[in-house]
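Undergrad: Provide a 3D model corresponding to the input given below.
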Amino acid sequence: MHLHSGTRGDAYEALASRLDKNVLGAPLIDTLIEILRTLWTESEAGIGSAFPRRSVTLTSLAAATGLSEQELQGHLRSMIAKGLVCD
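TA: Okay, here's the model as predicted:
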């Protein structure tokens with residue numbers, strides 16, 4: 001997967017940045033990153049950081065993440081099962 005490069009924390013920081021764009025916000029602090037690492041795998045964090053602020057199709061999200069639709073569906077099913085996203 002080529003969502004993020006660099007250190008392992010990049011995907012989690014990108015997800016935190018994305019969450020901070022929500023109405024309630026989620027400022028980037030160490031505690032937030034620890035929580036995200038507990039709940040999300042690194043791959044899931046990369047995918048979550050690619051979600052737009054509106055509804056998105058599988059095709060659009062696959063293009064944004066660089067994943068095939070089939071691979072993305074597998075990740076999304078796992079994320080849905082954990083309650084991280086809603087279908």
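Undergrad: any low-confidence regions in this protein?
TA: By pLDDT under 70, the weakly predicted segments of the chain are 1-9, 87.
Undergrad: so which strand or helix has residue 32?
TA: helix 30-39 (DSSP states H and E).
Undergrad: identify the residues contacting that helix?
TA: When contacts are taken as C-beta atoms under 8 Å, 6 or more residues apart in numbering, the neighbours of helix 30-39 outside the stretch itself are 9, 12-13, 15-16, 19, 26, 45, 82, 84. Heads up, the C-betas are built off the backbone N, CA and C, glycines and all.
Undergrad: now the following helix or strand past that helix, how far from the centre of its chain.
TA: Under the assignment DSSP H and E, the closest C-terminal helix or strand after helix 30-39 is helix 42-50. Centroid separation between helix 42-50 and its chain, computed with C-alpha atoms, centre = their mean, to the nearest Å, is 3 Å.
Undergrad: the residue nearest the centre of the chain - nearest residue in space that isn't next to it in sequence?
TA: Central residue check for the chain by C-alpha atoms, centre = their mean: the C-alpha nearest the mean position is that of residue 48, 1.5 Å away. Ranked by C-beta to C-beta, 6 or more residues apart in numbering and with sequence neighbours excluded, the top spatial neighbour of residue 48 is residue 15, at 4.8 Å.
Undergrad: what does residue 58 give?
TA: Ranked by C-beta to C-beta, 6+ apart and with sequence neighbours excluded, the top spatial neighbour of residue 58 is residue 69, at 5.4 Å.
Undergrad: again with residue 68
TA: Among residues not flanking residue 68 along the chain, residue 62 sits closest, at 6.5 Å (C-beta to C-beta, 6+ apart).
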